[in-house]
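Engineer: Sequence first, predicted coordinates after that:
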Amino acid sequence: MSATRFAPVRLLTSLTVVLALAATMFVMSALSPSTTKASAALVSAAKANTAADWARSRKGSPYQYGATGPNRFDCSGLTRWAYAHVGKSLPHSSAGQVRDVKRIWHRGNVRRGDLVFFTSRGSVYHVGIYAGHGEIWHASVPGTPVKRDRIWSSSVFYGRVR
């Protein structure tokens with residue numbers, strides 16, 4: 001027998017396998033929980049604003065690498081601590097926090113309380129909480145306490161906590 005006589009059978013078999021896989025994926029996605037980080041609702045403007053207020057309340061607290069408050073902070077420790085007060089759990093690293101936000105692509109959509117990520121060579125090295133008017137609350141380096149600063153770099157992006 002020639003190979004061309006079996007072509008329609010192979011095509012039908014392949015199509016059946018593809019449809020079965022697609023149906024399985026559809027059912028599994030419908031059954032999976034809707035509370036995953038990827039699909040979780042974004043934090044409200046009121047909660048984000050309150051998180052910014054919590055960060056502001058730590059003004060003057062000393063910087064300490066690895067510290068998560070309530071009296072000493074590093075950059076991601078401050079954002080983590082502030083968002084914990086509004087019921088959101090963030091990892092303790094600026095790079096880890098990127099995974100828990102929805103990126104804001106237009107600067108005009110940034111609101112008080114969103115996270116501001118600073119990058120160099122494609123990597124995130126610092127995070128702060130947007131305070132409004134081009135400024136952030138952050139814990140930057142040893143010897144410098146938590147303070148409000150102007151955003152000093154154009155190598156930043158913004159994220160809204162999920």
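Structural biologist: Okay, I see it.

Engineer: got the end-to-end distance for stretch 145-162?
Structural biologist: Its first and final residues considered, stretch 145-162 spans 28 Å by Cα to Cα, to the nearest Å.

Engineer: Please spell out which residues along that stretch are buried.
Structural biologist: When burial is assessed from 16 or more other Cβ atoms under 10 Å, stretch 145-162 yields the following buried residues: 146, 147, 148, 151, 156, 157, 158, 159, 160, 161, 162. In short, each C-beta sits where N, CA and C put it, glycine included.

Engineer: what's the longest strand in this structure?
Structural biologist: In the chain, ranked by residue count with DSSP state E as the criterion, the top strand is strand 123-132.

Engineer: Could you give the separation of it from the chain centroid?
Structural biologist: In this view, strand 123-132 has its centroid 11 Å away from the chain centroid, taken as Cα atoms, centre = their mean, to the nearest Å.

Engineer: Next: stretch 126-145.
Structural biologist: Averaged over its C-alpha atoms, stretch 126-145 has a centre that lies 17 Å from its chain's centre (Cα atoms, centre = their mean).

Engineer: returning to what we had before: show me the two of the buried residues of stretch 145-162 that sit farthest apart.
Structural biologist: With Cβ to Cβ as the measure, no two of those lie farther apart than 147 and 162, at 27.1 Å.
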